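Asks: 3D, please:
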Amino acid sequence: MSETEKVITGDPNSSEADEFARLFSNFMRKSLMQNQPPENPDKPEKPIYKTDSQPLTVGFKLNGENYPVWSILMHNAISGRGMVSHITGVPSPPARTDPTFTQWQEADHCVFTWLVQNIETKLVSRVAQQPTAKHIWDSLAVTYKSGGDSLQIYDLHRRASTLKQGNTTLEEVWNDLNEIWTAIDQKRPNRMKCPDDIQIHNEETEQNRLYQFLTALDDKYEIVKREVLKMEPLPSAEQAYNIAKREDARSEILRPTDGKPPGDGIGAGLFTARRPNHSTAPRRGGSSGNGG
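Replies: Sure thing, here's the model as predicted:
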């Protein structure tokens with residue numbers, strides 16, 4: 001009797017064939033289900049808009065003059081909370097008829113509040129009527145960024161070149177310069193395309209900023225200035241600031257307790273470290289012009 005006849009006549013040995021047929025049928029059904037496309041392949045998943053009621057501050061409030069630094073810090077702080085789309089507009093907010101609009105609006109109110117809390121009171125009235133956080137952000141950029149204002153760019157360069165430490169601390173004059181430099185970079189970005197030209201431009205800019213920082217320092221840092229200018233290669237402005245800061249700390253630690261000023265002043269430690277035999281060692285040839 002053939003296998004087919006066994007199945008038809010109900011032969012007991014046909015159970016194996018029945019089991020095989022059942023397994024094969026299940027296998028084909030699952031394969032077809034896995035190969036079927038999703039019901040709505042083009043329909044994106046619904047975004048989830050989170051809210052964050054915790055306060056957010058960036059250290060100082062926008063006063064109109066510190067916009068370049070403030071905007072960078074504020075953007076990074078909001079981005080760190082995962083809500084930067086509320087000031088960039090990417091992705092776009094949902095339509096008012098969208099079921100997620102209320103959720104998005106609650107999140108936007110959080111960012112709106114953060115912006116207002118980081119603006120000086122006298123400026124709040126100018127933005128309080130804006131409908132969304134992005135409207136506030138764009139309004140502030142239009143009012144204070146003014147990237148093409150030649151008069152502002154000129155004033156920034158003038159301030160960077162004429163700033164003096166005066167009665168301020170070393171940290172304060174350094175922070176003032178950094179704020180000016182950041183504003184210059186925002187208002188007049190480097191438009192060069194060639195990598196070599198970009199590198200040369202950046203090196204020259206860094207060197208100019210080193211000169212501006214040293215020019216701003218008080219006369220008590222004269223030894224520091226001379227020794228920094230003799231270094232080869234020249235340090236960055238930030239490295240020079242760190243050198244001056246270390247010498248400032250050394251001078252404070254070694255200040256005499258009898259009220260008399262120290263004999264060598266600020267920079268003596270750096271000066272001695274570079275010239276261990278100051279009384280006999282000759283000055284380096286070819287560098288007296290740079291040292292002043």
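Asks: In the stretch 51-200 of the chain, what residue spans correspond to helices?
Replies: All helices of the stretch 51-200 of the chain, identified by DSSP state H, counting those that start in this stretch, fall at 67-80, 85-88, 101-117, 121-127, 133-144, 150-162, 170-187, 195-216.
Asks: Glu247 - that's part of a strand, no?
Replies: No. Glu247 sits outside any strand when classified using DSSP: H, G, I helix; E, B strand; the rest coil, being helix.
Asks: mind checking pLDDT for it?
Replies: With respect to pLDDT, Glu247 has a value of 90.
Asks: One more: Glu39?
Replies: Glu39 carries a pLDDT value of 54.
Asks: out of the helices of the stretch 51-200 of the chain, which comes closest to Thr51?
Replies: For the helices of the stretch 51-200 of the chain, the distance to Thr51 is smallest for helix 101-117, at 5.0 Å, taking C-beta to C-beta. C-betas here are computed from N, CA, C, even on glycine.
Asks: buried sites along the closest one?
Replies: Buried residues in helix 101-117, counted by 16 or more other C-beta atoms under 10 Å: Gln103, Trp104, Gln105, Ala107, Asp108, Cys110, Val111, Phe112, Trp114, Leu115, Val116.
Asks: Then stretch 185-196?
Replies: Residues of stretch 185-196 classed as buried by neighbour count (16+ other C-beta under 10 Å): Gln186, Lys187.
Asks: how is the protein carved up into domains?
Replies: Under automatic domain parsing, the residue ranges defining each domain of the chain are 3-35, 67-144, 168-291.
Asks: would a markdown table of these with distance to Gln152 be doable?
Replies: Output for these, formatted as a markdown table (distance: least, C-beta to C-beta, whole Å):
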| stretch | distance to Gln152 |
| --- | --- |
| domain 3-35 | 63 |
| domain 67-144 | 10 |
| domain 168-291 | 6 |
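Asks: Point out the most buried one among those domains.
Replies: Most buried of these, by mean neighbour count (mean count of other C-beta atoms under 10 Å): domain 67-144, with a mean of 16.
Asks: Show the average pLDDT along that domain.
Replies: Domain 67-144 shows a mean pLDDT of 91.
Asks: Report the distance from that domain to the chain centre.
Replies: Distance of domain 67-144 from the chain centroid (C-alpha atoms, centre = their mean, to the nearest Å) equals 18 Å.
Asks: likewise stretch 182-200?
Replies: Distance, stretch centre to chain centre, for stretch 182-200: 17 Å (C-alpha atoms, centre = their mean).
Asks: go on, stretch 55-64?
Replies: Taking C-alpha atoms, centre = their mean, one finds stretch 55-64 lying 15 Å from the centre of the chain it belongs to.
Asks: same check, this time on stretch 218-231
Replies: Distance, centroid of stretch 218-231 to centroid of chain: 31 Å (C-alpha atoms, centre = their mean).
Asks: for it, how far is the first residue from the last?
Replies: Taking C-alpha to C-alpha, to the nearest Å, stretch 218-231 runs 20 Å from one end to the other.
Asks: Check stretch 185-195 too.
Replies: Distance between the two ends of stretch 185-195: 18 Å, counting by C-alpha to C-alpha.
Asks: Averaged pLDDT, it. What do you get?
Replies: Here the average pLDDT along stretch 185-195 is 86.
Asks: Then stretch 156-170?
Replies: Average pLDDT, stretch 156-170: 91.
Asks: Show the contacting residues for the spatially closest residue to Lys50 that is not a sequence neighbour.
Replies: Once flanking residues are discounted, Lys50 sits nearest to Ala107: 6.2 Å by C-beta to C-beta, 6 or more residues apart in numbering. Residues in contact with Ala107 (C-beta atoms under 8 Å, 6 or more residues apart in numbering) are Tyr49, Lys50, Thr51, Asp52, Met83, His86.
Asks: Likewise for Ala183?
Replies: Neighbours of Ala183 in contact, by C-beta under 8 Å, 6+ apart: Tyr67, Pro68, Val69, Leu156.
Asks: Quick check: the first one touching Tyr144?
Replies: Yes. Under the contact definition of C-beta atoms under 8 Å, Tyr67 touches Tyr144, with a separation of 3.7 Å.
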